[in-house]
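Engineer: here are the coordinates; sequence isn't available:
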């Protein structure tokens, strides 16, 4: 089995290419819109609906709401980092350093 040597192979990072392209803007807008919609629901109608739940269901709802909020904040952080890189506010190295602090795999 022949494997290319590390020096001759160039990895193409498709996600990075997309982030630095014009197609990132709709992704950013949609992602941030989702964060806003979820926050509005959880703070408004969701809070009112949760009051109607049994104690057990309300506890589960609160736990899932916290998980959702955490995940959405991670997504928002990632999107903001990408936007900063795309606009030149941060270098790719700075973004890579900050991205290591944002966990999207859990």
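Structural biologist: On my side now, so go ahead. Remember, predicted model here, so these are calculated numbers, not experimental data.

Engineer: low pLDDT regions in the protein?
Structural biologist: 1-21, 104-106 (pLDDT under 70).

Engineer: all helices of it, in order?
Structural biologist: Assigned helices in the chain, in chain order: 14-19, 24-43, 45-50, 55-87, 92-99 (criterion: DSSP state H).

Engineer: counting contacts, what elements does the second one pack onto?
Structural biologist: Counting contacts by 3 or more C-beta pairs under 8 Å, 6 or more residues apart in numbering; DSSP states H and E, the secondary-structure elements packed against helix 24-43 are helix 55-87. For every residue, glycine as well, the C-beta is placed using N, CA and C.

Engineer: again, only this time at 10 Å
Structural biologist: Applying 3 or more C-beta pairs under 10 Å, 6 or more residues apart in numbering; DSSP states H and E, one finds that helix 24-43 makes contact with helix 14-19, helix 45-50, helix 55-87.

Engineer: The fourth one too?
Structural biologist: In terms of contacts (3+ C-beta pairs under 10 Å, 6+ apart), helix 55-87 is packed against helix 14-19, helix 24-43, helix 45-50, helix 92-99.

Engineer: for residue 99, what are its contacts?
Structural biologist: 77, 78, 81, 82, 85 (C-beta atoms under 10 Å, 6 or more residues apart in numbering).

Engineer: picking that back up, export the helices and strands packed on helix 55-87 to JSON lines and tack on distance to residue 66?
Structural biologist: Listed next are these as JSON lines, based on distance: least, C-beta to C-beta, whole Å:
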{"stretch": "helix 14-19", "distance to residue 66": "28"}
{"stretch": "helix 24-43", "distance to residue 66": "10"}
{"stretch": "helix 45-50", "distance to residue 66": "12"}
{"stretch": "helix 92-99", "distance to residue 66": "23"}
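
Engineer: ok, residue 52 touching residue 58?
Structural biologist: Yes: if you go by C-beta atoms under 10 Å, residue 52 and residue 58 touch, sitting 8.8 Å apart.

Engineer: okay, those two: which has more neighbours?
Structural biologist: Ranked by neighbour count (other C-beta atoms under 10 Å), residue 52 and residue 58 place residue 58 first, with 14 against 8.
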